[in-house]
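>>> Provided below for reference: sequence and predicted model.
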2 protein chains.
Amino acid sequence: MPKLVDHNKRKEQIAEATWRTILKKGMEGATVRNIAKEAGLSLGSLRHYFSTQDELLVFAMNLVEERVTDRINKIATQDIPLKEKILKILLEIVPTNQETMAEMEVWFAFTFHMRHRNNKLKDHDDKILLGMKNIVNYLHESRLLIDHLDKDTEAERLYALVDGLALHAMLEPERVNQQRVLTVLESHLHSICTDELRE
Amino acid sequence: MPKLVDHNKRKEQIAEATWRTILKKGMEGATVRNIAKEAGLSLGSLRHYFSTQDELLVFAMNLVEERVTDRINKIATQDIPLKEKILKILLEIVPTNQETMAEMEVWFAFTFHMRHRNNKLKDHDDKILLGMKNIVNYLHESRLLIDHLDKDTEAERLYALVDGLALHAMLEPERVNQQRVLTVLESHLHSICTDELRE
(Lines give C-alpha, C1' and ligand atoms only; values in the text may rest on other atoms or scores of the structure.)
Protein backbone atom coordinates (compact mmCIF):
# COMPACT_ATOMS: atom_id res chain seq x y z
CA MET A 1 0.00 0.00 0.00
CA PRO A 2 2.43 2.68 -1.10
CA LYS A 3 -0.36 5.27 -1.12
CA LEU A 4 -1.06 4.80 2.60
CA VAL A 5 2.63 4.93 3.48
CA ASP A 6 2.98 8.20 1.63
CA HIS A 7 -0.08 9.54 3.39
CA ASN A 8 1.35 8.75 6.84
CA LYS A 9 4.77 10.03 5.92
CA ARG A 10 3.29 13.31 4.77
CA LYS A 11 1.30 13.59 8.00
CA GLU A 12 4.54 13.16 9.96
CA GLN A 13 6.23 15.84 7.88
CA ILE A 14 3.37 18.20 8.68
CA ALA A 15 3.68 17.31 12.37
CA GLU A 16 7.39 18.16 12.24
CA ALA A 17 6.58 21.46 10.55
CA THR A 18 4.13 22.08 13.41
CA TRP A 19 6.88 21.57 15.99
CA ARG A 20 9.18 23.96 14.15
CA THR A 21 6.43 26.55 13.94
CA ILE A 22 5.69 26.30 17.68
CA LEU A 23 9.40 26.61 18.46
CA LYS A 24 9.77 29.68 16.26
CA LYS A 25 6.55 31.53 16.96
CA GLY A 26 5.02 30.03 20.08
CA MET A 27 1.56 28.55 20.25
CA GLU A 28 -0.06 31.80 19.19
CA GLY A 29 1.81 31.55 15.91
CA ALA A 30 0.91 27.91 15.27
CA THR A 31 -1.94 28.71 12.91
CA VAL A 32 -2.85 26.31 10.12
CA ARG A 33 -1.70 28.96 7.66
CA ASN A 34 1.78 29.30 9.24
CA ILE A 35 2.17 25.54 9.53
CA ALA A 36 1.25 25.01 5.87
CA LYS A 37 3.86 27.60 4.93
CA GLU A 38 6.52 25.94 7.09
CA ALA A 39 5.66 22.56 5.51
CA GLY A 40 5.80 24.02 2.00
CA LEU A 41 2.18 23.13 1.31
CA SER A 42 -0.86 25.04 0.22
CA LEU A 43 -3.58 25.55 2.79
CA GLY A 44 -5.80 23.28 0.68
CA SER A 45 -3.32 20.38 0.66
CA LEU A 46 -2.80 20.67 4.40
CA ARG A 47 -6.56 20.52 4.95
CA HIS A 48 -6.56 17.29 2.95
CA TYR A 49 -4.54 15.70 5.77
CA PHE A 50 -5.98 17.54 8.77
CA SER A 51 -9.37 19.19 8.63
CA THR A 52 -8.97 21.24 11.84
CA GLN A 53 -6.11 22.86 13.75
CA ASP A 54 -6.90 20.77 16.83
CA GLU A 55 -6.75 17.54 14.86
CA LEU A 56 -3.31 18.53 13.59
CA LEU A 57 -2.06 19.56 17.03
CA VAL A 58 -3.23 16.32 18.62
CA PHE A 59 -1.48 14.29 15.91
CA ALA A 60 1.72 16.32 16.32
CA MET A 61 1.62 15.84 20.07
CA ASN A 62 1.00 12.10 19.89
CA LEU A 63 3.96 11.79 17.56
CA VAL A 64 6.21 13.47 20.16
CA GLU A 65 5.03 10.96 22.73
CA GLU A 66 5.52 8.04 20.37
CA ARG A 67 9.10 9.01 19.58
CA VAL A 68 10.02 9.48 23.24
CA THR A 69 8.45 6.11 24.08
CA ASP A 70 10.38 4.45 21.25
CA ARG A 71 13.68 5.84 22.49
CA ILE A 72 12.94 4.73 26.06
CA ASN A 73 11.95 1.22 24.96
CA LYS A 74 15.19 0.94 23.05
CA ILE A 75 17.21 1.86 26.15
CA ALA A 76 15.20 -0.58 28.28
CA THR A 77 16.42 -3.51 26.20
CA GLN A 78 20.09 -2.47 26.26
CA ASP A 79 22.53 -4.70 28.10
CA ILE A 80 23.97 -2.08 30.49
CA PRO A 81 24.12 -1.79 34.32
CA LEU A 82 20.74 -1.01 35.90
CA LYS A 83 21.70 2.35 37.38
CA GLU A 84 23.06 3.56 34.05
CA LYS A 85 19.91 2.32 32.33
CA ILE A 86 17.55 4.16 34.68
CA LEU A 87 19.55 7.39 34.43
CA LYS A 88 19.57 7.13 30.63
CA ILE A 89 15.80 6.67 30.58
CA LEU A 90 15.24 9.64 32.88
CA LEU A 91 17.51 11.76 30.68
CA GLU A 92 15.17 11.07 27.76
CA ILE A 93 12.44 12.87 29.69
CA VAL A 94 14.48 15.76 31.11
CA PRO A 95 15.58 17.78 28.10
CA THR A 96 19.35 18.21 27.90
CA ASN A 97 19.92 18.25 24.16
CA GLN A 98 18.39 20.17 21.29
CA GLU A 99 15.98 17.45 20.24
CA THR A 100 14.50 16.71 23.66
CA MET A 101 14.46 20.44 24.48
CA ALA A 102 12.31 21.11 21.44
CA GLU A 103 9.96 18.26 22.34
CA MET A 104 9.55 19.60 25.86
CA GLU A 105 8.87 23.11 24.65
CA VAL A 106 6.25 21.84 22.23
CA TRP A 107 4.72 19.66 24.92
CA PHE A 108 4.42 22.55 27.37
CA ALA A 109 3.11 25.02 24.82
CA PHE A 110 0.57 22.47 23.67
CA THR A 111 -0.56 21.49 27.18
CA PHE A 112 -1.19 25.11 28.15
CA HIS A 113 -2.91 25.87 24.90
CA MET A 114 -5.29 22.96 25.35
CA ARG A 115 -6.21 23.95 28.90
CA HIS A 116 -8.20 26.85 27.55
CA ARG A 117 -10.14 24.82 25.06
CA ASN A 118 -13.28 22.89 25.65
CA ASN A 119 -12.25 19.68 23.99
CA LYS A 120 -9.72 18.50 26.52
CA LEU A 121 -7.49 15.66 25.51
CA LYS A 122 -6.62 12.45 27.13
CA ASP A 123 -3.92 13.20 29.62
CA HIS A 124 -0.55 13.14 27.88
CA ASP A 125 1.36 12.85 31.09
CA ASP A 126 -0.02 9.47 32.07
CA LYS A 127 2.63 7.57 30.16
CA ILE A 128 5.44 9.29 32.03
CA LEU A 129 3.78 8.64 35.39
CA LEU A 130 3.36 5.01 34.35
CA GLY A 131 7.05 4.88 33.42
CA MET A 132 8.03 6.21 36.86
CA LYS A 133 5.80 3.59 38.52
CA ASN A 134 7.51 0.91 36.44
CA ILE A 135 10.96 2.09 37.52
CA VAL A 136 10.01 2.14 41.21
CA ASN A 137 8.33 -1.27 40.96
CA TYR A 138 11.34 -2.67 39.20
CA LEU A 139 13.68 -1.35 41.89
CA HIS A 140 11.41 -2.84 44.55
CA GLU A 141 11.27 -6.24 42.87
CA SER A 142 15.05 -6.24 42.44
CA ARG A 143 15.26 -5.54 46.21
CA LEU A 144 17.11 -2.33 45.52
CA LEU A 145 14.46 0.07 46.86
CA ILE A 146 15.00 0.95 50.51
CA ASP A 147 12.59 -1.15 52.56
CA HIS A 148 10.46 1.36 54.42
CA LEU A 149 9.68 3.49 51.35
CA ASP A 150 6.15 3.55 49.97
CA LYS A 151 6.15 2.66 46.26
CA ASP A 152 3.21 4.86 45.38
CA THR A 153 4.67 7.95 47.08
CA GLU A 154 8.08 7.29 45.54
CA ALA A 155 6.64 7.10 42.01
CA GLU A 156 4.87 10.42 42.58
CA ARG A 157 8.05 11.96 43.99
CA LEU A 158 10.18 10.75 41.07
CA TYR A 159 7.56 11.98 38.61
CA ALA A 160 7.50 15.46 40.18
CA LEU A 161 11.30 15.57 40.36
CA VAL A 162 11.71 14.64 36.71
CA ASP A 163 9.11 17.09 35.42
CA GLY A 164 10.42 19.85 37.69
CA LEU A 165 13.94 19.29 36.35
CA ALA A 166 12.54 19.23 32.81
CA LEU A 167 10.84 22.57 33.40
CA HIS A 168 13.98 24.15 34.83
CA ALA A 169 16.23 22.69 32.13
CA MET A 170 13.96 24.30 29.57
CA LEU A 171 13.68 27.67 31.31
CA GLU A 172 17.31 27.89 32.46
CA PRO A 173 19.33 25.63 30.14
CA GLU A 174 22.66 27.14 31.11
CA ARG A 175 22.30 26.68 34.84
CA VAL A 176 20.37 23.40 34.70
CA ASN A 177 22.60 21.65 32.16
CA GLN A 178 23.05 17.95 31.55
CA GLN A 179 25.73 17.55 34.23
CA ARG A 180 23.56 19.22 36.85
CA VAL A 181 20.49 17.18 35.89
CA LEU A 182 22.56 14.01 36.12
CA THR A 183 23.93 14.94 39.55
CA VAL A 184 20.43 15.53 40.93
CA LEU A 185 18.97 12.38 39.40
CA GLU A 186 21.88 10.25 40.59
CA SER A 187 21.70 11.59 44.13
CA HIS A 188 17.96 10.94 44.12
CA LEU A 189 18.45 7.35 43.00
CA HIS A 190 21.09 6.82 45.69
CA SER A 191 18.73 8.23 48.31
CA ILE A 192 15.95 5.76 47.55
CA CYS A 193 18.09 2.69 46.82
CA THR A 194 20.32 0.38 48.83
CA ASP A 195 24.08 0.56 48.37
CA GLU A 196 23.85 -2.37 45.98
CA LEU A 197 22.78 -0.02 43.18
CA ARG A 198 26.08 1.83 43.32
CA GLU A 199 28.04 -1.30 42.59
CA MET B 1 0.10 61.52 49.41
CA PRO B 2 -3.41 60.23 48.80
CA LYS B 3 -2.98 60.67 45.06
CA LEU B 4 -0.05 58.25 44.92
CA VAL B 5 -1.82 55.69 47.07
CA ASP B 6 -4.82 55.80 44.78
CA HIS B 7 -2.56 55.44 41.79
CA ASN B 8 -0.90 52.31 43.21
CA LYS B 9 -4.20 50.88 44.36
CA ARG B 10 -5.62 51.31 40.89
CA LYS B 11 -2.57 49.63 39.36
CA GLU B 12 -3.10 46.65 41.66
CA GLN B 13 -6.76 46.47 40.64
CA ILE B 14 -5.69 46.38 37.00
CA ALA B 15 -3.15 43.65 37.82
CA GLU B 16 -5.91 41.60 39.45
CA ALA B 17 -8.10 42.10 36.38
CA THR B 18 -5.14 40.85 34.33
CA TRP B 19 -4.96 37.63 36.37
CA ARG B 20 -8.69 37.06 35.98
CA THR B 21 -8.43 37.63 32.23
CA ILE B 22 -5.54 35.16 31.88
CA LEU B 23 -7.47 32.57 33.93
CA LYS B 24 -10.59 32.99 31.80
CA LYS B 25 -9.10 33.37 28.33
CA GLY B 26 -5.50 32.21 28.50
CA MET B 27 -2.55 34.35 27.52
CA GLU B 28 -3.83 34.78 23.98
CA GLY B 29 -6.90 36.53 25.39
CA ALA B 30 -4.94 38.82 27.72
CA THR B 31 -5.05 41.80 25.38
CA VAL B 32 -5.02 45.33 26.76
CA ARG B 33 -8.57 45.71 25.45
CA ASN B 34 -9.88 42.63 27.31
CA ILE B 35 -8.07 43.58 30.50
CA ALA B 36 -9.52 47.11 30.41
CA LYS B 37 -12.98 45.59 30.01
CA GLU B 38 -12.43 43.19 32.92
CA ALA B 39 -11.21 46.10 35.08
CA GLY B 40 -14.21 48.23 34.08
CA LEU B 41 -11.98 50.90 32.57
CA SER B 42 -11.75 52.57 29.20
CA LEU B 43 -8.74 51.72 27.06
CA GLY B 44 -7.60 55.33 27.52
CA SER B 45 -7.68 55.16 31.34
CA LEU B 46 -5.81 51.88 31.34
CA ARG B 47 -3.11 53.37 29.13
CA HIS B 48 -2.74 56.12 31.70
CA TYR B 49 -1.44 53.50 34.14
CA PHE B 50 0.38 51.19 31.73
CA SER B 51 1.53 52.36 28.34
CA THR B 52 2.28 48.89 26.90
CA GLN B 53 0.92 45.37 27.38
CA ASP B 54 4.35 44.12 28.47
CA GLU B 55 4.63 46.80 31.13
CA LEU B 56 1.25 45.72 32.51
CA LEU B 57 2.14 42.01 32.40
CA VAL B 58 5.43 42.54 34.20
CA PHE B 59 3.70 44.54 36.92
CA ALA B 60 0.98 41.89 37.31
CA MET B 61 3.62 39.18 37.55
CA ASN B 62 5.73 41.01 40.10
CA LEU B 63 2.63 41.50 42.22
CA VAL B 64 2.03 37.72 42.24
CA GLU B 65 5.59 37.21 43.43
CA GLU B 66 5.27 39.92 46.08
CA ARG B 67 2.12 38.40 47.55
CA VAL B 68 3.60 34.90 47.68
CA THR B 69 6.73 36.27 49.36
CA ASP B 70 4.62 38.18 51.90
CA ARG B 71 2.70 35.04 52.82
CA ILE B 72 5.91 33.02 53.17
CA ASN B 73 7.56 35.68 55.33
CA LYS B 74 4.53 35.68 57.61
CA ILE B 75 4.76 31.90 58.05
CA ALA B 76 8.52 32.13 58.70
CA THR B 77 7.93 34.26 61.79
CA GLN B 78 5.21 31.99 63.24
CA ASP B 79 5.97 30.18 66.46
CA ILE B 80 5.28 26.62 65.25
CA PRO B 81 7.41 23.43 65.05
CA LEU B 82 10.07 23.57 62.31
CA LYS B 83 8.73 20.69 60.23
CA GLU B 84 5.24 22.18 60.19
CA LYS B 85 6.71 25.56 59.25
CA ILE B 86 8.70 24.19 56.30
CA LEU B 87 5.72 22.19 55.00
CA LYS B 88 3.47 25.27 55.29
CA ILE B 89 5.99 27.34 53.32
CA LEU B 90 6.30 24.70 50.60
CA LEU B 91 2.50 24.52 50.37
CA GLU B 92 2.43 28.23 49.53
CA ILE B 93 4.41 27.38 46.39
CA VAL B 94 2.63 24.19 45.34
CA PRO B 95 -0.92 25.26 44.48
CA THR B 96 -3.55 23.39 46.50
CA ASN B 97 -6.23 26.02 46.90
CA GLN B 98 -8.03 28.31 44.50
CA GLU B 99 -5.85 31.35 45.17
CA THR B 100 -2.47 29.66 44.78
CA MET B 101 -3.77 27.66 41.80
CA ALA B 102 -4.69 30.86 40.00
CA GLU B 103 -1.28 32.37 40.78
CA MET B 104 0.48 29.32 39.40
CA GLU B 105 -1.58 29.28 36.24
CA VAL B 106 -0.86 32.96 35.66
CA TRP B 107 2.82 32.42 36.37
CA PHE B 108 3.09 29.56 33.85
CA ALA B 109 1.08 31.31 31.15
CA PHE B 110 3.18 34.40 31.61
CA THR B 111 6.52 32.58 31.60
CA PHE B 112 5.72 30.80 28.35
CA HIS B 113 4.36 33.92 26.76
CA MET B 114 7.54 35.83 27.54
CA ARG B 115 9.80 33.12 26.13
CA HIS B 116 8.74 34.09 22.64
CA ARG B 117 9.41 37.77 23.09
CA ASN B 118 12.63 39.58 22.62
CA ASN B 119 12.60 41.59 25.80
CA LYS B 120 13.21 38.78 28.25
CA LEU B 121 12.58 39.52 31.88
CA LYS B 122 14.67 39.06 34.92
CA ASP B 123 14.19 35.46 35.98
CA HIS B 124 11.09 35.16 38.13
CA ASP B 125 12.07 31.81 39.47
CA ASP B 126 15.16 32.96 41.27
CA LYS B 127 13.29 33.84 44.46
CA ILE B 128 11.91 30.34 44.80
CA LEU B 129 15.33 28.76 44.23
CA LEU B 130 16.72 31.15 46.84
CA GLY B 131 13.97 30.10 49.24
CA MET B 132 14.85 26.42 48.73
CA LYS B 133 18.53 27.20 49.39
CA ASN B 134 17.51 28.98 52.59
CA ILE B 135 15.49 25.99 53.77
CA VAL B 136 18.34 23.55 53.07
CA ASN B 137 20.89 25.84 54.72
CA TYR B 138 18.65 26.26 57.74
CA LEU B 139 18.25 22.49 58.08
CA HIS B 140 22.02 22.11 57.82
CA GLU B 141 22.73 24.76 60.44
CA SER B 142 20.17 23.21 62.77
CA ARG B 143 22.05 19.90 62.30
CA LEU B 144 18.89 18.30 60.92
CA LEU B 145 20.15 17.68 57.37
CA ILE B 146 21.66 14.23 56.94
CA ASP B 147 25.45 14.60 57.07
CA HIS B 148 26.63 13.24 53.74
CA LEU B 149 24.16 15.25 51.63
CA ASP B 150 25.42 18.06 49.43
CA LYS B 151 23.56 21.29 50.20
CA ASP B 152 23.71 22.63 46.66
CA THR B 153 22.36 19.42 45.10
CA GLU B 154 19.65 19.18 47.76
CA ALA B 155 18.45 22.74 47.06
CA GLU B 156 18.22 21.93 43.35
CA ARG B 157 16.39 18.68 44.09
CA LEU B 158 13.90 20.36 46.42
CA TYR B 159 13.35 23.13 43.86
CA ALA B 160 12.62 20.63 41.08
CA LEU B 161 10.37 18.57 43.34
CA VAL B 162 8.33 21.59 44.41
CA ASP B 163 7.91 22.97 40.89
CA GLY B 164 7.13 19.51 39.49
CA LEU B 165 4.44 19.02 42.13
CA ALA B 166 3.13 22.51 41.39
CA LEU B 167 2.87 21.66 37.70
CA HIS B 168 1.08 18.38 38.37
CA ALA B 169 -1.25 19.94 40.97
CA MET B 170 -2.25 22.48 38.34
CA LEU B 171 -2.68 19.99 35.49
CA GLU B 172 -4.30 17.20 37.54
CA PRO B 173 -5.83 18.88 40.61
CA GLU B 174 -8.00 15.91 41.49
CA ARG B 175 -5.24 13.33 41.55
CA VAL B 176 -2.53 15.61 42.92
CA ASN B 177 -4.61 17.14 45.72
CA GLN B 178 -3.42 18.79 48.92
CA GLN B 179 -3.19 15.51 50.84
CA ARG B 180 -1.07 13.90 48.14
CA VAL B 181 1.23 16.94 47.87
CA LEU B 182 1.66 16.92 51.63
CA THR B 183 2.49 13.19 51.68
CA VAL B 184 5.19 13.62 49.02
CA LEU B 185 6.70 16.72 50.63
CA GLU B 186 6.70 15.13 54.07
CA SER B 187 8.36 11.94 52.84
CA HIS B 188 10.95 14.04 51.04
CA LEU B 189 11.73 16.02 54.19
CA HIS B 190 12.06 12.81 56.19
CA SER B 191 14.41 11.39 53.58
CA ILE B 192 16.86 14.28 53.80
CA CYS B 193 16.63 14.93 57.55
CA THR B 194 17.65 13.12 60.72
CA ASP B 195 14.97 11.55 62.91
CA GLU B 196 15.08 14.62 65.12
CA LEU B 197 12.85 16.50 62.66
CA ARG B 198 9.99 14.07 63.25
CA GLU B 199 9.89 14.84 66.95
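All right, it came through fine. Bear in mind that the values here come from a model prediction, so they are computed numbers and not experimental data.
>>> Helix or strand with the lowest mean pLDDT in chain A?
Sorting the helices and strands of chain A by mean pLDDT, DSSP states H and E puts helix A:98-115 at the bottom, at a mean of 79.
>>> right, and the helix or strand after that helix?
helix A:126-141 (DSSP states H and E).
>>> Just give me how far that following helix sits from the chain centre.
The chain centroid and the centroid of helix A:126-141 are separated by 15 Å under Cα atoms, centre = their mean, to the nearest Å.
>>> Would stretch A:169-179 count as contacting chain B?
Yes. Using Cβ under 8 Å from any Cβ of the partner chain, stretch A:169-179 reaches chain B at A:Leu171, A:Glu172, A:Val176. Glycine gets a C-beta too; all of them are placed from N, C-alpha and C.
>>> quick one: secondary structure of the residue lying closest to A:Asp150 once chain neighbours are set aside?
Leaving aside its sequence neighbours, A:Asp150 sits nearest to B:Ser187 (Cβ to Cβ, 6 or more residues apart in numbering or on different chains; 7.1 Å). For B:Ser187, the assignment made with DSSP: H, G, I helix; E, B strand; the rest coil gives helix.
>>> Could you list the domains of chain A?
A:1-51, A:59-198 (automatic domain parsing).
>>> export the ones you listed to CSV and tack on mean neighbour count?
Shown next, in CSV, are these (neighbours: other Cβ atoms under 10 Å in any protein chain shown):
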stretch, mean neighbour count
domain A:1-51, 16
domain A:59-198, 17
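>>> which stretch among the ones you listed comes nearest B:His113?
When those are compared by Cβ to Cβ, domain A:1-51 sits nearest B:His113, at 7.5 Å.
>>> Show the average pLDDT along that closest one.
Averaged across domain A:1-51, the pLDDT comes to 88.
>>> one step back: any residue of the least confident helix or strand of chain A touching chain B?
Yes. Judged by Cβ under 8 Å from any Cβ, helix A:98-115 and chain B are in contact via A:Phe108, A:Ala109, A:Thr111, A:Phe112, A:His113, A:Arg115.
>>> Contacts for that helix next, please.
Contacts with helix A:98-115, where a contact means Cβ atoms under 8 Å, 6 or more residues apart in numbering or on different chains, come from A:18-19, A:22-23, A:26-27, A:30, A:57, A:60-61, A:64, A:67-68, A:92-95, A:120-121, A:124, A:166-167, A:169-170, A:173, B:26-27, B:108-109, B:112, B:171.
>>> Phi first, then psi, for A:Gln78.
Per-residue torsions, A:Gln78: phi -70, psi 150 (degrees, to the nearest 10).
>>> still on that earlier bit, kindly provide the distance from the residue nearest to A:Asp150 to B:Leu87.
Separation of B:Ser187 from B:Leu87 (Cβ to Cβ, to the nearest Å) stands at 11 Å.
>>> cool, and A:Leu167?
In this view, A:Leu167 and B:Leu87 are 22 Å apart by Cβ to Cβ.
>>> Check A:Asn8 too.
Remark: distance between A:Asn8 and B:Leu87 (Cβ to Cβ) = 50 Å.
>>> for A:Ile192, same thing?
20 Å.
>>> Repeat that for A:Phe110.
A:Phe110 sits 33 Å away from B:Leu87 when distances are taken as Cβ to Cβ.
>>> May I have the residues that are in contact with A:Lys151?
A:Lys151 neighbours (Cβ under 8 Å, 6+ apart): A:Lys133, A:Val136, A:Asn137, A:His140, A:Leu145.
>>> Bridging across strands, which residues link to A:Leu145?
Beta-bridge partners recorded for A:Leu145 (DSSP bridges): A:Cys193.
>>> any idea of the pLDDT on it?
pLDDT at A:Leu145 comes out at 95.
>>> Am I right that it is in contact with A:Thr153?
No. Counting by Cβ atoms under 8 Å, A:Leu145 does not reach A:Thr153; the two are 11.5 Å apart.
>>> sorry, back to before: so of the residues of stretch A:169-179 next to chain B, which ones are in helices?
Within these, residues falling in helices by DSSP state H are A:Leu171.
>>> could you dump the residues of stretch A:169-179 next to chain B to TSV with pLDDT?
Output for those, formatted as TSV (pLDDT from 0 to 100):
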residue	pLDDT
A:Leu171	86
A:Glu172	87
A:Val176	93
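>>> between the residues of stretch A:169-179 next to chain B, which is closest to B:Leu129?
The nearest member of the residues of stretch A:169-179 next to chain B to B:Leu129, counting by Cβ to Cβ, is A:Glu172 at 9.1 Å.
>>> What backbone torsions are found at that closest one?
Main-chain dihedrals, A:Glu172, degrees, to the nearest 10: phi -130, psi 70.
>>> That one and B:Arg20: what is the separation?
In terms of Cβ to Cβ, A:Glu172 sits 29 Å off from B:Arg20.
>>> For chain A, list the residues in contact with chain B, please.
A:25-29, A:108-109, A:111-113, A:115-116, A:123, A:125, A:149-150, A:153-154, A:156-157, A:159-165, A:167-168, A:171-172, A:176, A:180, A:183-184, A:187-188, A:191-192.
>>> how does it look with 6 Å?
When proximity is defined as Cβ under 6 Å from any Cβ of the partner chain, chain A approaches chain B at A:26, A:28, A:116, A:153, A:156-157, A:160-161, A:163-165, A:167, A:183-184, A:187, A:191.
>>> what's the farthest-apart pair in those residues?
A:Glu28 and A:Ser191 (41.2 Å).
>>> Pull the distance from stretch A:29-36 to the chain's centre.
23 Å.
>>> typo on my end, it should be stretch A:99-118
Stretch A:99-118 has its C-alpha centroid displaced from the chain centroid by 10 Å (Cα atoms, centre = their mean).
>>> Alright, I will stop here.
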